[in-house]
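[1] Sequence and predicted structure below; questions after.
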Amino acid sequence: PREFAVQYLESVGRDLTNMRKDFRAFFALWKKYLKERKIENGEGPAKFPKRYDVKARDAFYKSYSFAGKGGASGHDSVIIAYDALLGAIQFTDKDKSLHVDSEERRKKMWEELLLRGVFHGGDSDSTGTIVGAWFGALYGSAGVPDNYHGMEKYRRLNENIRNLRLGKTW
């Protein structure tokens, strides 16, 4: 994937000198994350601390930050969002009373996702945007509680999600 990104950036005339440094910094941080979660071999489940409450998550997110505030850079915001999504999925997987593809499970996952990816002490608008987009790509709006359906541009957003899932282009 990195080679494709580099080829694309070169093809549109971007200066890659600084970007190459940023790529190296991101991938070093990404490898650290995968190792810490014990998923560096591509197999899960990821290992989360037994006690991973708000305080513990904020400390973890800050430990990945370049700016001293979790989610404030492009490097750590992606890792924090991934951690939130992975954690929310694994959290709901533990509840064996929920069918794997049920709306109830997705609603619980959505709530957990917000706790992990949006309600933290760092730059949460960045991480929330990323993790919300990933949730939408995986599940569409199924599982998002009704009170969110009145949000700005909800109908257009939902239509775009459907089109992406069907492979339609604009």
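    Done, it's in. All of these numbers come straight from a predicted model, not from anything done at the bench.
[2] all contacts plus neighbour counts: C-alpha atoms, from now on.
    Noted.
[3] quick one, phi/psi of the most far-flung residue of the chain relative to its centre?
    Among the C-alpha atoms of the chain, the one most distant from their mean position (C-alpha atoms, centre = their mean) is that of residue 13, at 28.7 Å. The phi and psi values for residue 13, taken as degrees, to the nearest 10, are phi 80, psi 30.
[4] measure it to residue 20 for me?
    To residue 20, residue 13 is 14 Å away according to C-alpha to C-alpha, to the nearest Å.
[5] returning to that earlier point: so the residue farthest from the centre of the chain versus residue 21, what's the distance?
    17 Å.
[6] Kindly report the same for residue 118.
    Using C-alpha to C-alpha, residue 118 is found at 28 Å from residue 21.
[7] for the residue nearest to residue 123 when sequence neighbours are not counted, helix, strand, or coil?
    Computed as C-alpha to C-alpha, 6 or more residues apart in numbering, the closest residue to residue 123 that is not its neighbour in sequence is residue 71, at 4.7 Å. At residue 71 the chain is in coil, as set by DSSP: H, G, I helix; E, B strand; the rest coil.
[8] same question, residue 68
    Judged by three-state DSSP, the three-state class of residue 68 is coil.
[9] list the buried ones in the least confident helix or strand in the chain by mean pLDDT?
    The helix or strand of the chain with the lowest confidence, counting by mean pLDDT, DSSP states H and E, is helix 154-165 at a mean of 78. Judged by neighbour count (16 or more other C-alpha atoms under 10 Å), helix 154-165 contains these buried residues: 158, 160-162.
[10] Does residue 95 belong to a helix, a strand or coil?
    Residue 95 ends up coil, using three-state DSSP.
[11] tell me the pLDDT at it?
    Looking at residue 95, its pLDDT reads 88.
[12] neighbours around residue 6, how many?
    Neighbour count for residue 6, taken as other C-alpha atoms under 10 Å: 15.
[13] List the residues that contact it.
    By C-alpha atoms under 8 Å, 6 or more residues apart in numbering, the contact set of residue 6 is residue 16.
[14] quick one: the residue farthest from the centre of the chain and residue 6, what's the gap?
    From residue 13 to residue 6 the distance is 11 Å (C-alpha to C-alpha).
[15] What of residue 79?
    Separation of residue 79 from residue 6 (C-alpha to C-alpha): 20 Å.
[16] cool, and residue 74?
    For residue 74, the distance to residue 6 - C-alpha to C-alpha - is 17 Å.
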